[in-house]
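Just the structure for this:
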Amino acid sequence: MRRDVVLSEFGLISWQLRGTKSPVPDAPDLPEPRQATGFADLKKQLSRETPHETSHEKTREKTQAKEEVFSPGAFSDTRGQRIAQLSWNDFAADVAACTACDLCKTRTKAVPGVGDVHARWLFVGEGPGAEEDKKGEPFVGQAGRLLDQMLAALGMKRGSDVYIANVLKCRPPNNRAPTPQEADACRPYLERQIALIAPKIIVALGKSAAMLLLNTDASIASLRGRGHRYQETPLVVTYHPAYLLRSPADKAKSWEDLVFAKRTLGNVSAAQQ
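Below is the predicted model:
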């Protein structure tokens, strides 16, 4: 994948060959693009710790003390206790055999998750779509291609220091949002994945993921740009890629969220040294 295509599709910056006079289109809502002439410059800007680069950085100190913390209780049922003991070797087969809700009756394949099982980054979406249901892998449709572009813009790629999962492991009919009962049925699987991966940061993609992980019904707009935690793990909320396909103007906001997440991870790593 060429870098100029990646960044252009995500709506960040456009390439300009040296020596040409074609202007680079303005992107006033994006953080730090003014001096970027290539991917290397973008990575340098992401690594800088200057307090005026994004609105998130300006408010980080003020909001740090107000981080929301959600610590789910211990599993209380036999099924939950069994799932809490699963190893990676048994995880996918257990998901494939699950009949805890009616989605098992309409799925083609269960979609447990994919990626680096020791990843620092965990991205959590809503549920499988039609393509995911056929292949048994999350984010392989059009929204998945956009997610890959989002990762590439940060200098990352699927499967390398990144794990991707969903709230639901089976596709809901017509790609509707999960019901509370379906989300609760799948909750032990996601909680087990988080425990096995032990990520350094979680990115909740969309409202369903934010609701489950933060135990809140607040809007995405109100949750963005603020530090949250799932147990002891920093968590950042942003838009789901499927929403961004319908509302491309919000790609700039999602980019800000990813920059915020990258900085948050950098702060965690620095504190642990």
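
now the strands for the protein?
68-70, 114-115, 121-125, 162-166, 201-205, 228-230, 233-238 (DSSP state E).

Turn those into CSV, columns for distance to L213.
(C-beta placed from N, C-alpha, C; glycine too.) Putting these into CSV (distance: least, CB to CB, whole Å) gives the following:
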stretch, distance to L213
strand 68-70, 7
strand 114-115, 17
strand 121-125, 7
strand 162-166, 11
strand 201-205, 6
strand 228-230, 5
strand 233-238, 6
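
can you redo the ones you listed as a markdown table with mean neighbour count and mean pLDDT?
Below are the strands of the chain laid out as a markdown table (neighbours: other CB atoms under 10 Å; pLDDT from 0 to 100):
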| stretch | mean neighbour count | mean pLDDT |
| --- | --- | --- |
| strand 68-70 | 14 | 40 |
| strand 114-115 | 20 | 97 |
| strand 121-125 | 26 | 98 |
| strand 162-166 | 25 | 98 |
| strand 201-205 | 25 | 98 |
| strand 228-230 | 21 | 97 |
| strand 233-238 | 24 | 98 |
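
Now tell me what touches stretch 78-86 from outside.
F75, D94, A100, P188, Y189, E191, R192, A195 (CB atoms under 8 Å, 6 or more residues apart in numbering).

pLDDT (mean, whole number) over it?
Averaged over stretch 78-86, pLDDT sits at 96.

in that stretch, what's buried?
Within stretch 78-86, the residues that qualify as buried are I83, L86, counting by 16 or more other CB atoms under 10 Å.

Can I get that stretch in PDB? Just the C-alpha atoms.
The C-alpha coordinates for stretch 78-86 follow below in PDB (Å, rounded to 0.1, in the frame of the first residue of the first chain):
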ATOM      1  CA  THR A  78     -20.200 -21.000  35.800                       C
ATOM      2  CA  ARG A  79     -19.900 -20.100  32.100                       C
ATOM      3  CA  GLY A  80     -18.100 -16.900  32.900                       C
ATOM      4  CA  GLN A  81     -15.700 -18.700  35.200                       C
ATOM      5  CA  ARG A  82     -14.900 -21.200  32.600                       C
ATOM      6  CA  ILE A  83     -14.200 -18.600  29.900                       C
ATOM      7  CA  ALA A  84     -12.000 -16.700  32.300                       C
ATOM      8  CA  GLN A  85      -9.700 -19.700  32.400                       C
ATOM      9  CA  LEU A  86      -9.400 -20.200  28.600                       C
END
